[in-house]
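Enquirer: Fold the following and give me the result.
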Amino acid sequence: MSEENITRIHLDGKEYILIGTAHVSKHSAEQVKDVIEAERPDSVCVELDEQRYKSIMDGNKWKEMDIFKVIKEKKATLLLMNLAISSFQKRMASQLGINAGQEMIQGIESAKEVGAKLVLADRNIQTTFSRIWQSVGFTGKIKLLMSIIYSIFSNESITEEELEKMKTQDMLNSMLNEFSTSFPKLKTPLIDERDQYLAQKIKEAPGEKIVAVLGAAHVPGIKEEIKKDHDLKKLSQVPPKSKAPKIVGWAIPALIVAIIVFTFISNPEAGIQQTLSLILWTGSFSALGAAIALGHPLTIVAAFIAAPIGVMHPLIAAGWIAGFVQAFIKRPSVRDFENLSKDVYSIKGFWSNKVTRILLIIVLSNLGTSLGLFIGGADVVRLFFENL
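Expert: Take a look at the predicted model:
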């Protein structure tokens, strides 16, 4: 049995066998099978959390999704990002003729075959996303989204040689590598904290011999972190949401309304001009976002009407209203949910599937409203100073 990509650690009477894998490598999946069969460990740890484990084991989970619930709980952006990352993984795996995450599936199957305890060792992916989101500023969030979108829709093919190089990177990290150099803080929640979490879960796995199936990027960190004790509860905490966006979300509309009211008192004609400018800019850009996402004509109208209202009342977002209208008019069928995993593989699929189209309408309409508020707000201020 080849010892390539295998790290053995003896600690406190236990043997830990770490297999460093590439998440879309056929060789990695074969090696996982060989190692588990040869070693017959007491436990097998896989780099999955409960959510991703269920996703792998239950291919029909999309059928049970309630799109109205997703919109209501404001999870459209998170779901779109998860689908986008899934798209990136599937594109690479398809190019190489294998299933994404095949080595994790192999670890699960082999653990069952040898009677080993299966341990889901990774931190919840939503917790990781939340901690990443909090570690970057507003411009960082925009760049992060752009980086992910570029990685997903890039048509560049990946050679076997480049794939082998990816064994030094985690799947998420491989997508965000260039971004990580611009924002070093990203490395902490993406790699360092997960190294600590994975190390502790591996250390707590039952038995004297434990095999861990990991993205190779985590192996060096885990080798060091497994010697220490880590607080899983602390590492699993979702950081409290900053109050700043909420304060800004209410302060900007309040300021704009105050400016318009003041202008109305001194010059009603200019006040009407300001009001129309704000309505047209926010409504038009929100409607444009819905149109780019190929929304139904009534959805585009709803986005236009909802945007100015949403600007004045931040708890009402144009994207959610437009998403509800689209979901009501073009309710996704069972087939749309069944085809999700296949459709997210391409740009055309993202736009043609009724589920992802609703998500795109929500995100793009909200982005359009924000852009319209920026331009329309600037025009309101311009008219205010012109009429002083």
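
Enquirer: Okay, helices next: where are they in the stretch 251-388 of the chain?
Expert: 268-292, 297-312, 318-329, 334-338, 340-343, 347-352, 354-386 (DSSP state H, counting those that start in this stretch).

Enquirer: Output the shortest one as PDB - backbone C-alpha positions only.
Expert: Coordinates of the C-alpha atoms in helix 340-343 are reproduced here as PDB (Å, rounded to 0.1, in the frame of the first residue of the first chain):
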ATOM      1  CA  LEU A 340     -31.100  21.500  -9.700                       C
ATOM      2  CA  SER A 341     -27.800  19.500  -9.200                       C
ATOM      3  CA  LYS A 342     -27.500  19.200 -13.000                       C
ATOM      4  CA  ASP A 343     -28.600  22.700 -13.900                       C
END
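
Enquirer: so where's the stretch 151-300 of the chain uncertain?
Expert: 151-185, 242, 244-245 (pLDDT under 70).

Enquirer: change it to 90
Expert: For the stretch 151-300 of the chain, applying pLDDT under 90 flags the ranges 151-193, 215-220, 237-258, 260-261, 263-268, 270-271.

Enquirer: between the helices of the stretch 251-388 of the chain, which gets nearest to Ala29?
Expert: Of all the helices of the stretch 251-388 of the chain, helix 340-343 sits nearest to Ala29, with 19.0 Å by Cβ to Cβ. Where you see a C-beta, it was placed from the backbone N, CA and C, and this is true even at glycine.

Enquirer: Show the average pLDDT along the closest one.
Expert: Taken as a whole, helix 340-343 has an average pLDDT of 70.

Enquirer: which residues sit in contact with the closest residue to Ile309 other than its chain neighbours?
Expert: Excluding the flanking residues, the one nearest Ile309 by Cβ to Cβ, 6 or more residues apart in numbering is Ile316, at 5.9 Å. If you count contacts by Cβ atoms under 8 Å, 6 or more residues apart in numbering, Ile316 has them with Ala306, Ile309, Gly310.

Enquirer: Now do Ile316, the pLDDT please.
Expert: According to the prediction, Ile316 has pLDDT 77.

Enquirer: Quick check: it vs Gly377, distance?
Expert: Using Cβ to Cβ, to the nearest Å, Ile316 is found at 18 Å from Gly377.

Enquirer: name the element Val211 belongs to?
Expert: strand 209-215 (DSSP states H and E).

Enquirer: That strand pairs with which strands?
Expert: As defined by DSSP bridges, the strand partners of strand 209-215 come to strand 14-21 (parallel), strand 43-46 (parallel).
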